[in-house]
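> kindly return the folded structure for what I paste below:
(chains A and B, ligands or ions: 5)
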Amino acid sequence: MYKIVKKEVLAPNIFSMDIEAPRVAKSAQPGQFVIIIDNEKGERVPLTICDYDAQKGTVQIVVQAMGKSTKDMAAMEEGDYFKDFVGPLGKASEFVHMDLEELRKQRFLFVAGGVGAAPVYPQARWFHENGIKCDIILGAKNKELVILEDKLASVSENLYVCTDDGSYGFHGLVTAYIEELVVNQGKKYDHVVAIGPMIMMKFVALTTKKYNLPTTVSLNPIMVDGTGMCGACRVTVDGKTQFACVHGPEFDGHVVDFDEALKRQTQYKDIEVVKDCKLEEA
Amino acid sequence: MDRFTRVPISEQPAEIRNRNFEEVCLGYTEEEAMKEAARCLRCKKPQCRPGCPVDIDIPDFIGCIADGKFREAAQSLAVYTSLPAVCGRVCPQETQCEATCILGKKGDPIAIGKLERFAADWAERNDIHVGECALKNGHKVAVIGSGPAGVSCAGEMAKKGYIVTIFEALHEPGGVLVYGIPEFRLPLDGVVRPELENLKHLGVEIETNVIVGRTITIDEMFEEGYEAIFIGSGAGLPKFMNIPGENYNGVFSANEFLTRTNLMKAFDPEYATPIKVGARTAVIGGGNVAMDSARTALRLGSDVTVIYRRTMDELPARVEEVHHAIEEGIKFEFLTSPIEIHADENAWVNGLTCVRMELGEPDESGRRRPIVMDNSEFTIPVDTVIMALGTSPNPLIASTTEGLDTNKWECIIADDQGQTSREGVFAGGDAVTGAATVILAMGAGKEAAAAMDEYIQNKYK
Ligand SMILES: Cc1cc2nc3c(=O)[nH]c(=O)nc-3n(C[C@H](O)[C@H](O)[C@H](O)COP(=O)(O)OP(=O)(O)OC[C@H]3O[C@@H](n4cnc5c(N)ncnc54)[C@H](O)[C@@H]3O)c2cc1C
Ligand SMILES: Cc1cc2nc3c(=O)[nH]c(=O)nc-3n(C[C@H](O)[C@H](O)[C@H](O)COP(=O)(O)OP(=O)(O)OC[C@H]3O[C@@H](n4cnc5c(N)ncnc54)[C@H](O)[C@@H]3O)c2cc1C
Ligand code: SF4
Ligand code: SF4
Ligand code: FES
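Ligands and ions are numbered 1, 2, ... in the order given. Down below sits the predicted model:
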């Protein structure tokens, strides 16, 4: 059993939790994720690691309540226990293994959409801790849904916030902001890391392709085990089938078959709606 | 009594069981078991025994059953196996112990598996825990994976007095026994869980949700004070055919399909994990995994066809399973191989194109090699495709452990005693052999336990 030691509501339907999981906290690296089962009848829900504290033995996750499982999780409070918590899963971000001197010469732009702010944080923090500057674009639907702004600001040189409706920051999608920075303001970037909804990552990749900007995306297909055992998470990257949970979740965004990935993500949509309705009735 | 005819065993009728997940075979009653056991000749030189990979003293335990000494039968089994209720159900007996039973020369061999399961079930029903906790010797060992290989290694080590911890990646211990083999063949609550509980009676600790290679590495395990490590991580990586359309919605690996239903209980609407099966399912393959997938899809309401590239005679699945599958209404397309999967505009599967095969010359395995027949393409309408083509070992542990050698199939290289290329690291089961059987994995776990014991004892000589 894994104790929820802290819970915080970040925005409507978005919350963060610190969970006691010492083994995971000790080995977690930027780019990796965990799988949580809330109760005896729960499913295996993959969630990116947002923060980790090896000393305290805790791991932070940020969750958007979407369907049955994430809503069930949202109803849990400090002091409650998750039945299972496993990780860290997936490969660490590539830059973790790069030469620091090389990395210092590069300028990274992180693009976070919605709850994608959560997985971007440990990556930007890693840059910050290694004394490397980076910029972040943080996009959300509206002002209310902008999360982790302070945390992200504290680890980046420039934090650019944008909202779809213009209620806060730059008015427009993250893709528009990328063009604003790269074209209008003439900023030079060597690498983009985009994390957010699949559809956002698709369009970021299309945008950066125009400017030949190498782009890493963090894919979130439907998963079951998260250890390479089932193949539910398979995605086509550069014409080859890859299992996102073990070969990823991060891939070269310019060669990911997003259209296939988007379709695969909808596989259980109708069933989920039914399960969700049942939950709402209950 | 007719010595050459097997006492029949009761089963759920096919037309009822093909709609539920309850166990198909209901097992012998005490009277039936004694009657079947009484057929055994209690041979001085039993031909059956060499057929068993873990060398169970078959005439002894069967003799106990014949005499009505069920507890003694269970105790006799416990000397050789920690999973009798499992093996009695899933061993390919017809090619192992029962294949060599002397009675088989003139009639039906003794139902060794069914009797083994009877004795184990009897002990479980009567709450008898055989096997004792040995005096602890103070040495710590770790076992990776809680499938048959890991469980048997852990059990043996505990019996020798070691402090044993099993590290399991999934949230439920048991390996393929819980995520792969369906409940209608191997019930979780009545059979697998109790046998794992027995392990806990021996003092073995099981830590779930630990993925070796990610959560902790082998080197870190040595740092934590484990003196020897056994890798029983199985062969969990599913194979695909690499034919066009394989990533369409509605195409599953057997592992995904079975994991959703067995481990995650997707067939029960109370559980959160979803599963989707169309009206028509094609299962590709011919082994136990294919039979299990087919019969699961059938129970979920689909019309199921198994597509296999050789003939009925070459089906690698256990005879009993094929027989049950046919009874339940599974269809077969033999000498057939898929070449492309089709889908509608939303990427949902709607058809499968196959070619016909004929058998040519025998290949290295001695089986006749299937060859594609010209102009034999045809397309069948299906909405679910399950790929049951076999599995290979997950490279995660090998790739995160320096000096642990693997072969070109990603199998960990180990000798007959389980010794790998790394000192203090042993391995066995599917992780070493590639996908095989429960009993071979158990045998390997047992061998490795003997070698681990010797290794640790030698260190302190
Ligand atoms: C590697 C990885 C990292 C992730 N990180 C986070 C995170 O940090 N925070 C967060 O809130 N969510 C994250 N997700 C998504 C999260 O796992 C899903 O939102 C969750 O499984 C939905 O479960 P549900 O039962 O609440 O919703 P459901 O009722 O199952 O689904 C609701 C909707 O979400 C879609 N969906 C289902 N499963 C997934 C999935 N795995 N990914 C995307 N969409 C899905 C469904 O098609 C449906 O439209 C991540 C997913 C992956 C694979
Ligand atoms: C559907 C199906 C039906 C079958 N039917 C039969 C049958 O009827 N008869 C028969 O004899 N055999 C059958 N088999 C084969 C048999 O189940 C296997 O040969 C046997 O389970 C192998 O045992 P194992 O202990 O080596 O591995 P597994 O049973 O695969 O167990 C390995 C365990 O290790 C865990 N693990 C893997 N990697 C790690 C890691 N990095 N860290 C921690 N834990 C890890 C896994 O989660 C798993 O629990 C069947 C197999 C399948 C898939
Ligand atoms: S373990 Fe398997 S092979 Fe050995 S006696 Fe039992 S059924 Fe036969
Ligand atoms: S060979 Fe057959 S008859 Fe002889 S001991 Fe074995 S099971 Fe009994
Ligand atoms: S989630 Fe099962 S293989 Fe990736």
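> and for residue 20, the neighbour number?
Here I'm looking at chain A. 19 (other C-beta atoms under 10 Å in any protein chain shown). No exception for glycine: its C-beta is placed from N, CA and C like everyone else's.
> that was the other one, I meant chain B.
Using other C-beta under 10 Å, B:Asn20 is surrounded by 13 other residues.
> so how far is B:Ala266 from the residue lying closest to it once chain neighbours are set aside?
Sequence neighbours aside, B:Arg299 is the residue nearest to B:Asn20 in space, at 6.8 Å (criterion: C-beta to C-beta, 6 or more residues apart in numbering or on different chains). Going from B:Arg299 to B:Ala266 by C-beta to C-beta, to the nearest Å gives 12 Å.
> separation between A:Phe85 and A:Gly248?
In terms of C-beta to C-beta, A:Phe85 sits 20 Å off from A:Gly248.
> B:Pro13 now?
47 Å.
> so which of those two has more stuff around it?
A:Gly248 (23 against 10).
> correct me, but the residue nearest to B:Asn20 touches B:Asn262?
No - with contact defined as C-beta atoms under 8 Å, B:Arg299 and B:Asn262 do not form a contacting pair (11.6 Å).
> who's more crowded, the two?
Using other C-beta under 10 Å as the criterion, B:Arg299 and B:Asn262 rank with B:Asn262 on top: 27 against 22.
> neighbours of residue 113, just the number please.
Went with chain A since none was named. A:Gly113, neighbours per other C-beta under 10 Å, totals 26.
> oops, I was thinking of chain B
B:Gly113: 22 neighbours (other C-beta under 10 Å).
> doesn't it belong to a helix?
Yes - using DSSP: H, G, I helix; E, B strand; the rest coil, the secondary structure at B:Gly113 is a helix.
> that one: what's it in contact with?
B:Cys87, B:Gly88, B:Arg89, B:Cys91, B:Gln93, B:Cys97, B:Glu98 (C-beta atoms under 8 Å, 6 or more residues apart in numbering or on different chains).
> tell me the one of the residues you listed nearest ligand 2?
Ligand 2 lies nearest to B:Cys91 out of the contacts of B:Gly113, by C-beta to the nearest ligand atom, at 5.5 Å.
> SS state for the closest residue to the closest one other than its chain neighbours?
Leaving aside its sequence neighbours, B:Cys91 sits nearest to B:Ile439 (C-beta to C-beta, 6+ apart; 5.1 Å). At B:Ile439 the chain is in helix, as set by three-state DSSP.
> tell me the contacts of B:Ile439?
B:Ile439 neighbours (C-beta under 8 Å, 6+ apart): B:Cys52, B:Pro53, B:Val54, B:Cys87, B:Cys91, B:Gln96, B:Pro148.
> just checking: which of those residues also lie near ligand 2?
B:Cys91, B:Pro148 (C-beta under 6 Å from any ligand atom).
> what's the local residue count around B:Ala431?
So B:Ala431, with other C-beta under 10 Å, has 31 neighbours.
> next one: the residue nearest to it when sequence neighbours are not counted from ligand 4, what distance?
Distances taken as C-beta to C-beta, 6+ apart put B:Ser233 closest to B:Ala431, at 4.6 Å, once the chain neighbours are dropped. Using C-beta to the nearest ligand atom, to the nearest Å, B:Ser233 is found at 34 Å from ligand 4.
> okay, now B:Ser233: neighbour count?
B:Ser233: 30 surrounding residues under other C-beta under 10 Å.
> okay, stretch A:107-121 in PDB with CA atoms only?
Output of stretch A:107-121 as PDB, limited to C-alpha atoms (Å, rounded to 0.1, in the frame of the first residue of the first chain):
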ATOM      1  CA  ARG A 107      19.400  25.800 -25.900                       C
ATOM      2  CA  PHE A 108      16.300  23.700 -25.100                       C
ATOM      3  CA  LEU A 109      12.700  24.900 -25.400                       C
ATOM      4  CA  PHE A 110      10.200  22.900 -23.400                       C
ATOM      5  CA  VAL A 111       6.600  23.100 -24.600                       C
ATOM      6  CA  ALA A 112       4.000  22.000 -22.000                       C
ATOM      7  CA  GLY A 113       0.400  21.700 -22.700                       C
ATOM      8  CA  GLY A 114      -2.200  21.200 -20.000                       C
ATOM      9  CA  VAL A 115      -1.100  18.600 -17.500                       C
ATOM     10  CA  GLY A 116       2.000  18.200 -19.700                       C
ATOM     11  CA  ALA A 117       3.300  20.900 -17.300                       C
ATOM     12  CA  ALA A 118       3.900  18.100 -14.800                       C
ATOM     13  CA  PRO A 119       6.300  16.000 -16.800                       C
ATOM     14  CA  VAL A 120       8.100  19.000 -18.100                       C
ATOM     15  CA  TYR A 121       9.000  20.100 -14.500                       C
END
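> ranges for the strands of the stretch 251-400 of chain B?
B:251-253, B:280-284, B:303-307, B:331-333, B:336-343, B:349-362, B:368-372, B:378-380, B:384-387, B:391-392 (DSSP state E, counting those that start in this stretch).
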